[in-house]
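[1] Kindly generate the corresponding structure for this input.
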Amino acid sequence: MPTFEYTETYDNPASSVFSRLIDLKGRDSWIKGIMEIQVTPEGPAQLGTKYFESGKYSGFKSEKTMIVTELVQDHLLTMETTPDEKQFFRESYRIEPISDTSCRVHFTIQVDNVPKVAEFFMRQSMKKEQPQTAARLKAVLKG
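    Here you go, the predicted model:
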């Protein structure tokens, strides 16, 4: 299963970063390509929250429904696709506090049932996209 990882340090407390991560309706402010978002129930993510996203990434249209499967206040958010989805997709954001005013975020994306040819292009794209996504999150946090 292809796994894409990236780590970024933020000059923000873990609680601020976590608050932004669990604001699923606001993901389009820092994740490029999202065209539509639906969150059930409304409000910040909680265990079991259903998240639908459609978008265009590297020229490919994508639609997926994910469920929040892990949530530890100020430390961890994990979402993964529902069992009826054609492709398995898991996003995980693990926050490691460094001090009261800074933290490190470990971004992990796992995908399964991807054709080998597509996997090659995904690897190339993710090498570029993950740092850019982390930078956009940093910019949103600065306001």
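[2] what about whichever helix in the chain runs longest, average pLDDT?
    When the chain is parsed with DSSP state H, its longest helix is helix 116-142. Averaged over helix 116-142, pLDDT sits at 88.
[3] and that helix, which residues are buried?
    By 16 or more other CB atoms under 10 Å, the buried positions in helix 116-142 come out as M122, M126, E129, Q130, T133, A134, L137, K138. (Glycine included, C-beta is placed from N, CA and C.)
[4] Give me the most central residue, the chain.
    The centroid of the chain falls nearest to E91 when counting by CA atoms, centre = their mean (5.1 Å).
[5] Show me where the protein dips below the pLDDT cut-off.
    58-59 (pLDDT under 70).
[6] Strands of that one, start to end?
    Assigned by DSSP state E, the strands in the chain fall at 3-10, 34-40, 50-57, 60-72, 76-81, 88-99, 102-112.
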